[in-house]
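1. I need the structure of the sequence given here:
(chains A, B, C and D)
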Protein chains: 2
Amino acid sequence: MQQELKSELTKQLILDNAFNLFYKSGFKSTSIDKIMKATTLSKGAFYHHYKNKKQLGLEVITLKVEKRVVNGMILPLKQTGNAFNILENVFLNRLKSFPFFEKQHGCPMNNLINEIGDHEVAYQLALKNIVENWKLSLMTLIERGQAEKTIKNTLSSKAIAVYLISAFEGIRGIRKLYNDDLILDDYLLGLSIYLQQVKY
Amino acid sequence: MQQELKSELTKQLILDNAFNLFYKSGFKSTSIDKIMKATTLSKGAFYHHYKNKKQLGLEVITLKVEKRVVNGMILPLKQTGNAFNILENVFLNRLKSFPFFEKQHGCPMNNLINEIGDHEVAYQLALKNIVENWKLSLMTLIERGQAEKTIKNTLSSKAIAVYLISAFEGIRGIRKLYNDDLILDDYLLGLSIYLQQVKY
DNA sequence: ACAAAAACATACTAACTGGTGTTTTTTATA
DNA sequence: TATAAAAAACACCAGTTAGTATGTTTTTGT
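-> Sure thing, here's the model as predicted:
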């Protein structure tokens, strides 16, 4: 029983370090050696717990990346209250409060989508799954707003959801190219124009 | 004189193959060996023409990637005619007509932004330069539309430009995760809602 | 106390990485 | 046609890669 716990702890240690290094340096640039050096464990320990790098990558996506998106972007949508205000809050106020490191290195999910999203079907599906969850949660919120007349009910909830996600992921990539937040201000102003059109 | 021409031709051959492989397999996954195997020239030939992989990467960005964006997204903005219609045409009608390969592998610029945009200042600047050109051209068109009263003149041209670009790059990444164009239809509908708000 | 199993470490391989130095071939020109 | 210079071929380097084989230590059930 204690062994299982230790095994789980070690896997978490590997997973955490892998996520951080994938995020900072990219998936392909990060070797197993570098990850295990970060854990201060050996390569043998890695291959005891994981079959190969691909399996690790998949677990990083489904366990670490997904959790981040769920906590940061999906759960906040599920609050009670004015649906339009929640939408506005999550998309308008969250971005600028990101820590510097996350502005500089973009969105972990978007980085993976663009680096390996078209390289392996398994990665593609795991990443798509996160996007679909996000999209569906957004649609649920938008449809609630439409029912409650805080969001225009003539508009397709799916279309709004997809466009909001696209722009959000897009700007997180583009922000990497700049050294300050001015480009984020322009994005946020552009987004607020969009939200005006969406508001009931 | 004829020698200079041949040298230029060889560089172009390397550049073309490098761009294609970077696009298909990513920057870091593509080795000099693979590029030169594709040209049927030797590795020595590569190092005769280029200092290192980084220099090649920069030339691919400034000569190949930039040209693609200029031809595909920037020059079409400079047509005469109703500015709003031009905006609508370029963003609404262009995307779905992309060849299958380019839907599957996303935007070459966006791929590079997310893979190496935060790894080297030189890459960062070269990529930012393209985005800035695009942004300024969009702003010029939008401001023309505002003067000609086809685009609402109360809105910030820069904000609209940045939001349009963000969403466009975002969806080109997300599309990689899907196997059909349904997600593009949602994006386009979401975009058309945005354009409604922008229209005079 | 002991055997089995799990957790981890060490040492290694074979292929591949970007890059260098040298030799051979091609080309322009005198 | 001789020659100098450019272009390309070739062999090679040191470092890194994912992955393996085999060892040692720790935990666990009996």
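2. can you pull the contacts of the nearest residue to residue A:194 once chain neighbours are set aside?
-> Of all residues not flanking residue A:194 in the chain, residue B:194 sits nearest, at 5.2 Å (CB to CB, 6 or more residues apart in numbering or on different chains). The way it works is simple: take the backbone N, C-alpha and C, and place the C-beta from them, glycine included. Counting by CB atoms under 8 Å, 6 or more residues apart in numbering or on different chains, residue B:194 touches A:163, A:193-194, A:197, B:163-164, B:167.
3. how about the residue nearest to residue A:82 when sequence neighbours are not counted, what does it touch?
-> With sequence-adjacent residues excluded and distances taken as CB to CB, 6+ apart, residue A:82 is closest to residue A:150, at 5.3 Å. The contact partners of residue A:150, taken as CB under 8 Å, 6+ apart, are A:82-85, A:199-200.
4. which residues sit against the helix or strand of chain A with the lowest mean pLDDT?
-> Here the helix or strand of chain A ranked lowest by mean pLDDT, DSSP states H and E is helix A:2-25, holding a mean of 87. Outside helix A:2-25, the residues within contact range by CB under 8 Å, 6+ apart are A:30, A:34-36, A:38-39, A:41, A:45-46, A:49-50, A:56-57, A:59-60, A:63-65, A:105, A:108, A:111-112, B:119.
5. ok, which of those residues also contact DNA strand D?
-> Filtering these for proximity to DNA strand D by CB under 7 Å from any atom of the strand leaves A:30, A:34.
6. Please pick the buried ones from the contacts of helix A:2-25.
-> Buried members of the contacts of helix A:2-25, scored by 16 or more other CB atoms under 10 Å in any protein chain shown, are A:30, A:35-36, A:38-39, A:41, A:46, A:49-50, A:56-57, A:59-60, A:64-65, A:105, A:108, A:111-112, B:119.
7. Stretch A:91-103 spans what distance, first to last residue?
-> Distance between the two ends of stretch A:91-103: 15 Å, counting by CA to CA, to the nearest Å.
8. Could you see whether DNA strand D lies near the biggest helix by length in chain A?
-> Secondary structure of chain A per DSSP state H: the longest helix is helix A:121-147. No. Helix A:121-147 stays clear of DNA strand D (CB under 7 Å from any atom of the strand), getting no nearer than 12.9 Å.
9. For that helix, buried residues please.
-> Applying a neighbour-count criterion of 16+ other CB under 10 Å, one finds A:123-124, A:126-128, A:130-131, A:134-135, A:137-139, A:141-146 buried in helix A:121-147.
10. count of residues packed around residue A:4?
-> Residue A:4 has 8 neighbouring residues, counting by other CB atoms under 10 Å in any protein chain shown.
11. For DNA strand D, see how far away it is.
-> Distance, residue A:4 to DNA strand D, using CB to the nearest atom of the strand, to the nearest Å: 7 Å.
12. is the longest helix of chain A anywhere near chain B?
-> Yes. Judged by CB under 8 Å from any CB of the partner chain, helix A:121-147 comes into contact with chain B through A:124-125, A:127-128, A:131.
13. could you say what helices and strands the following helix or strand past that helix packs with?
-> Proceeding N to C from helix A:121-147, the next assigned helix or strand is helix A:157-174, under DSSP states H and E. When contacts are defined as 3 or more CB pairs under 8 Å, 6 or more residues apart in numbering or on different chains; DSSP states H and E, helix A:157-174 packs onto helix A:108-116, helix A:121-147, helix A:182-198, helix B:108-116, helix B:157-174, helix B:182-198.
14. Nearest to residue A:94, out of the ones you listed?
-> Evaluated over the helices and strands packed on helix A:157-174, closeness to residue A:94 peaks at helix A:182-198, with 10.4 Å, by CB to CB.
15. give me every residue that touches residue A:147.
-> Contacts of residue A:147 (CB under 8 Å, 6+ apart): residue A:153.
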